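A.B. asks: For reference, the sequence and a predicted model appear below.
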Amino acid sequence: MLKGKKILVGVTGSIAAYKSAMLIRRFIERGAEVKVIATALAKQFITPLTLATLSKNPVLVEFFDPENGQWNSHVSLGMWADAYVIAPATANTIAKMASGVADNLLLTAYLSARCPVFVAPAMDLDMYAHPATGRNIKRLREDGVHIIEPESGELASGLSGKGRMEEPDVIAEHVSDYFASPYVGDDLWGKKVLVTAGGTVEPIDAVRYITNRSSGKMGYALAGEFRRRGATVTVIRGAVDPRLTGSLEGITEISALSAEEMGRAVMTAAVDHDIIVMAAAVADYTPAEVSPGKLKKKDDDMSLHLKKTRDIAADLGKIKKPTQILVGFALETDNEETNALGKMERKNLDMIVLNSLRDKGAGFACDTNKITIYRRDGEVRRFDLKSKSLVAADIVDETVSLLVEAERRSR
Ligand code: CTP
């Protein structure tokens, strides 16, 4: 899918720079033409000879060649590239990109690039978790940069956590998928999409509540993907990872913490939306009574009386128009297929996305997911384990094809 594509690879000074060699190979194997820009520090981690040999082009580091004075024009590099992939991207480079610093060729090319830019961060877990890095990554996202999130695992420091650069295969797949998608650009222009995300929060008293482990990552990945394809997107969120809140540019976010609030918000907003994706983990039960003060400890055990919540997806299923596409999720631990198909039927969904907690790397809080999509028309599509942003692209592809069919039928 990268045949004939021109890819500019930016390499910065990180231990993960050795993976850039593999990444360049993956791009070349997929038919791309590759040029490499490295920072001065990157050369300490991987030799220009390796990068030049693999990319079949000289590696560019300085603004001009000190030997012969030849000018390495960042403007023409930025114009040449169909994609600019900065991998690994250190915390330092990310910070400079976020604030527009242009003190090396890699950064000036970023500011000049008119193509999509992909950034694969690589750093120690504490650097990645630092609020300053979080702010910078958020700003890059707002600027339209595609962030390929790092994995969790063993780091060069010997510590273990999130910060290890994503594997070259996954980065190459991410970039290919971007170009492979028939909907890149504004195919969903004029369409309105509603996505629910996160877990609901059901109050018990003034200080306590019941919730679940949903992080909202899948919902936000979907919202970002729909937006990227031109749709007008609203996210109705329960409790989500705080780093997600406000992380997507051009998206309306509505906070609706309890199942009841979420139900009201969704039913109000749904009327004029073309696609509704119920990615939130909505509580099935909520305390029958909410104590206005703090419940006091007693000598005996206590029991909490729970009442059923409204099934929002099912209520939408009853009123949806023939051209509206309703997508649900099913997170199962056993009898996965039967349960998912049952939910699709009961809730009158057009499609259900199943993930099983038995699959490693699938489900809550992970950055990856492994899904099977069941469509109302009987089609089934099984996917491999992928990052949530790639999973989002698969779900959006499928949703859009259902929308196109529904619109054709109603004509
Ligand atoms: N859902 C909903 N309202 C609820 C519960 C679930 O809209 N009160 C939606 C979810 O957002 C999801 C789908 O229905 O898209 C399936 O959710 P799930 O919790 O798996 O299904 P339940 O019907 O609650 O079944 P169970 O808890 O028994 O698995």
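C.D. replies: Here it is on my side, so go on.
A.B. asks: separation between residue 15 and residue 411?
C.D. replies: 57 Å (Cβ to Cβ, to the nearest Å). For the C-beta atoms, the positions are set from N, CA and C on the backbone; glycine is no exception.
A.B. asks: Of the two, give the one with the bigger neighbour count.
C.D. replies: Shown here are residue 15 and residue 411; by other Cβ atoms under 10 Å, residue 15 has more neighbours (17 against 5).
A.B. asks: Find the nearest non-adjacent residue to the more buried one, please.
C.D. replies: residue 156 (4.2 Å; Cβ to Cβ, 6 or more residues apart in numbering).
A.B. asks: hang on, isn't residue 333 packed against residue 359?
C.D. replies: No - contact criterion Cβ atoms under 8 Å: residue 333 and residue 359 do not qualify, at 10.6 Å.
A.B. asks: Out of the two, name the residue with the larger neighbour count.
C.D. replies: More neighbours surround residue 359 than the other of residue 333 and residue 359, with 17 against 10 (other Cβ under 10 Å).
A.B. asks: and that one, how far is that from the ligand?
C.D. replies: 16 Å (Cβ to the nearest ligand atom, to the nearest Å).
A.B. asks: So that residue belongs to a helix, correct?
C.D. replies: No - assigned with DSSP: H, G, I helix; E, B strand; the rest coil, residue 359 falls outside any helix and is coil.
A.B. asks: So for stretch 316-331, what gets flagged as buried?
C.D. replies: 316-317, 320, 324-331 (16 or more other Cβ atoms under 10 Å).
A.B. asks: actually stretch 358-378, not the one I typed
C.D. replies: 359, 362-364, 366-375.
A.B. asks: what's the answer for stretch 276-286, then?
C.D. replies: 276-283, 286.
A.B. asks: Filter these to keep only those in contact with the ligand.
C.D. replies: 278, 280, 282 (Cβ under 6 Å from any ligand atom).
A.B. asks: Narrow the buried residues of stretch 316-331 to those in strands?
C.D. replies: When the buried residues of stretch 316-331 are checked against strands (DSSP state E), the matches are 325-331.
A.B. asks: now residue 230, what's its secondary structure?
C.D. replies: Strictly by three-state DSSP, residue 230 counts as coil.
A.B. asks: can you list the weak-confidence ranges in the protein?
C.D. replies: Applying pLDDT under 70 to the chain flags the ranges 181-187, 365.
A.B. asks: check contacts around the residue in the stretch 101-250 of the chain that the ligand sits nearest to.
C.D. replies: Closest approach between the stretch 101-250 of the chain and the ligand, counting by Cβ to the nearest ligand atom: residue 196, at 6.1 Å. The contact partners of residue 196, by Cβ atoms under 8 Å, 6 or more residues apart in numbering, come to 219, 235-238, 262, 266, 277-280, 282, 312.
A.B. asks: Sounds good, over and out.
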